[in-house]
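>>> I'd like to go over a predicted model; first the sequence, then the structure.
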Amino acid sequence: MKAIRSVTTGGPDTLELHELPTPQPGAGEVLIDVQAAGVNYPDTLIIRDLYQFLPPRPFTPGTEVAGTVAAAGEGVQRVRPGDRVFAILMQNGGFATHALAKENELLPLPADMSSEEAAAFLMTYGTSYYALKNRAALQPGETLLVLGAAGGVGSAAVQLGRTLGARVIAAVSSQEKADFCRTLGADDTLIYPRELDKESQKTLTRQIKDIAGSDGVQVAYDPVGGPWAEPVLRCMAWEGRYLVVGFPGGIPAPPWNLILLKSCQVVGVFWGAAVMRDLSQHLENVQELQQMVAEGHIRPQVTQTFPLEQTADALKLLESRQAKGKLVIVPG
Ligand SMILES: NC(=O)c1ccc[n+]([C@@H]2O[C@H](COP(=O)([O-])OP(=O)(O)OC[C@H]3O[C@@H](n4cnc5c(N)ncnc54)[C@H](OP(=O)(O)O)[C@@H]3O)[C@@H](O)[C@H]2O)c1
């Protein structure tokens with residue numbers, strides 16, 4: 001098999017393509033013939049030892065795959081060789097032609113979804129649905145502001161916000177990304193600069209207030225952080241919910257008095273841990289998400305695919321903020 005290996009700590013250029021023996025699945029494990037692997041921002045962090053989990057090296061990054069069961073280990077009951085499946089691999093290994101998964105990580109791949117779409121589904125829609133439904137209890141008619149709205153989790157939040165009946169304001173760093181968010185169903189868009197100083201923070205606050213209106217933002221979805229957090233916090237509605245999702249822009253330290261003044265909640269979102277703590281809630285959410293796909297409300301936005309050899313290029317595109325929607329590796 002072929003696999004992308006992280007052999008030393010560092011950025012995408014430290015990754016190497018290796019030829020390895022194809023592993024045999026152990027008890028309770030399944031070997032997947034990987035047809036597509038989703039690229040997520042955490043992949044850029046884990047290879048730099050900047051993520052919550054630190055796998056021992058060398059390791060194969062990539063957590064989100066879709067493909068066919070190639071072999072099933074002892075005791076595996078729910079799937080058989082030949083079944084189409086998709087999965088989140090808690091122990092990584094996705095950027096490869098073959099990957100091992102635990103049986104309980106696998107879901108049957110819906111017939112109406114391609115492997116590329118399935119590999120672009122669970123992490124982003126799972127995170128954003130858990131955030132909007134379970135953490136913020138977003139209500140129809142509420143105003144939802146999404147930062148980084150053209151990115152992976154952001155584009156999922158835009159589609160889900162619309163589906164849940166919210167008025168969605170998509171905030172992004174370019175006109176091209178704003179146009180993309182319109183195609184996802186955003187009601188309004190706003191463009192912020194790629195870097196924010198004190199002056200542009202004030203401009204962003206004014207822009208959000210102008211669009212959100214006097215009631216402000218009931219739910220803010222923030223997968224960006226950094227200096228973007230303060231202007232958003234200044235626009236929160238009374239008793240609004242501010243969802244803390246990620247920090248590619250840095251870890252923010254906004255003035256805490258704003259939380260008191262708005263009587264708002266700052267709500268943490270850690271989807272991976274939530275899945276491990278409450279599998280039945282996760283499975284219920286996945287079922288509801290699949291229903292939304294079947295009804296045409298949401299659709300994974302695969303904007304570009306890359307062969308396995310170009311995995312580093314995909315990661316570079318993501319971290320340089322040039323990607324829209326989801327990038328997918330196609331190892332075959
Ligand atoms: N909490 C959870 O459970 C969970 C689950 C999955 C992902 N995440 C986190 O969510 C964040 C987004 O993940 P993703 O896979 O959606 O990434 P993504 O597709 O790269 O989207 C991130 C967006 O953030 C914006 N951004 C602002 N400053 C940036 C910077 N310095 N570098 C890169 N992007 C920057 C970009 O939009 P603009 O150019 O428009 O600003 C970009 O589109 C990451 O921090 C990830 O770790 C959290």
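Nice, I can see it.
>>> residue in the stretch 201-332 of the chain nearest to the ligand?
Residue of the stretch 201-332 of the chain nearest the ligand, by CB to the nearest ligand atom: Gly246 (2.4 Å). For the C-beta atoms, the positions are set from N, CA and C on the backbone; glycine is no exception.
>>> the strand or helix carrying Gln291 - contacts with which helices or strands?
For Gln291, the host element (DSSP states H and E) is helix 279-294. Applying 3 or more CB pairs under 8 Å, 6 or more residues apart in numbering; DSSP states H and E, we find helix 279-294 packed against helix 122-129, helix 271-277.
>>> hmm, Pro223 and Gly148 touching each other?
Yes: Gly148 is in contact with Pro223 according to CB atoms under 8 Å; the separation is 5.0 Å.
>>> residues bridging contact with those two, i.e. touching both?
Common neighbours of Gly148 and Pro223 are listed as 154, 248 (criterion: CB atoms under 8 Å, 6 or more residues apart in numbering).
>>> show me this protein divided up by domain.
Taking automatic domain parsing as the reference, the chain has its domains at 2-121+301-330, 123-272.
>>> could those go into CSV alongside mean neighbour count and mean pLDDT?
Shown next, in CSV, are the domains of the chain (neighbours: other CB atoms under 10 Å; pLDDT from 0 to 100):
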stretch, mean neighbour count, mean pLDDT
domain 2-121+301-330, 19, 96
domain 123-272, 20, 97
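>>> distance to Gln290 for the ones you listed - can I get that in a markdown table?
A markdown table is the format used below for those (distance: least, CB to CB, whole Å):
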| stretch | distance to Gln290 |
| --- | --- |
| domain 2-121+301-330 | 6 |
| domain 123-272 | 10 |
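>>> quick one on the thing from earlier: quick check: the residue of the stretch 201-332 of the chain closest to the ligand vs Gly93, distance?
22 Å (CB to CB, to the nearest Å).
>>> list the contacts for the residue of the stretch 201-332 of the chain closest to the ligand?
Neighbouring residues of Gly246 by CB under 8 Å, 6+ apart: 41, 153, 222-225.
>>> quick one: the strands in the stretch 1-150 of the chain, in order.
2-6, 15-19, 29-38, 64-72, 84-88, 98-102, 106-108, 143-147 (DSSP state E, counting those that start in this stretch).
>>> so for the ligand, which of those strands sits nearest?
Once these are compared by CB to the nearest ligand atom, strand 143-147 is nearest, at 7.0 Å.
>>> who are the packing partners of the closest one?
helix 152-163, strand 167-172, helix 198-212, strand 217-222.
>>> quick one: closest of those to Ile329.
helix 152-163 (13.8 Å; CB to CB).
>>> wait, what's in contact with Ile66?
One thing to correct before we go on: residue 66 is Ala, not Ile. 34-37, 84-87, 109, 115-116, 118-119 are the contacts of Ala66 under CB under 8 Å, 6+ apart.
>>> got a markdown table for those, with distance to Val269 too?
Below are the contacts of Ala66 laid out as a markdown table (distance: CB to CB, whole Å):
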| residue | distance to Val269 |
| --- | --- |
| Val34 | 28 |
| Gln35 | 29 |
| Ala36 | 25 |
| Ala37 | 23 |
| Arg84 | 30 |
| Val85 | 26 |
| Phe86 | 22 |
| Ala87 | 21 |
| Leu109 | 26 |
| Ser115 | 27 |
| Glu116 | 26 |
| Ala118 | 23 |
| Ala119 | 22 |
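>>> point out the residues in the stretch 51-200 of the chain that sit beside the ligand.
Within the stretch 51-200 of the chain, the positions near the ligand by CB under 6 Å from any ligand atom are 123, 127, 148, 150-154, 172-173, 177.
>>> in the residues you listed, find the pair that's most separated.
Met123 and Ser173 (21.8 Å).
>>> and the residue nearest to Tyr51 when sequence neighbours are not counted, how far is that from Glu319?
Leaving aside its sequence neighbours, Tyr51 sits nearest to Leu45 (CB to CB, 6 or more residues apart in numbering; 4.2 Å). Leu45 is 9 Å from Glu319, where distance means CB to CB.
>>> residues contacting the residue nearest the centre of the chain?
Central residue of the chain (CA atoms, centre = their mean): Thr124, 3.0 Å from the mean position. Residues counted as contacts of Thr124 (CB under 8 Å, 6+ apart) are 38, 40, 152-153, 155-156, 300, 326.
>>> show me which of those is closest to Glu284.
For the contacts of Thr124, the minimum distance to Glu284 (CB to CB) is 17.4 Å, reached by Ala156.
>>> let me know whether that closest one touches Ala131 as I believe.
No: Ala156 is beyond contact range of Ala131, at 9.6 Å (criterion: CB under 8 Å).
>>> picking up where we left off before, near the ligand at all, the helix holding Gln291?
No: judged by CB under 6 Å from any ligand atom, helix 279-294 stays clear of the ligand, getting no closer than 11.9 Å.
>>> quick check: nearest residue in space to the residue of the stretch 51-200 of the chain at minimum distance from the ligand, chain neighbours excluded?
Using CB to the nearest ligand atom, the closest approach of the stretch 51-200 of the chain to the ligand is made by Gly151 at 2.2 Å. Leaving aside its sequence neighbours, Gly151 sits nearest to Pro223 (CB to CB, 6+ apart; 6.6 Å).
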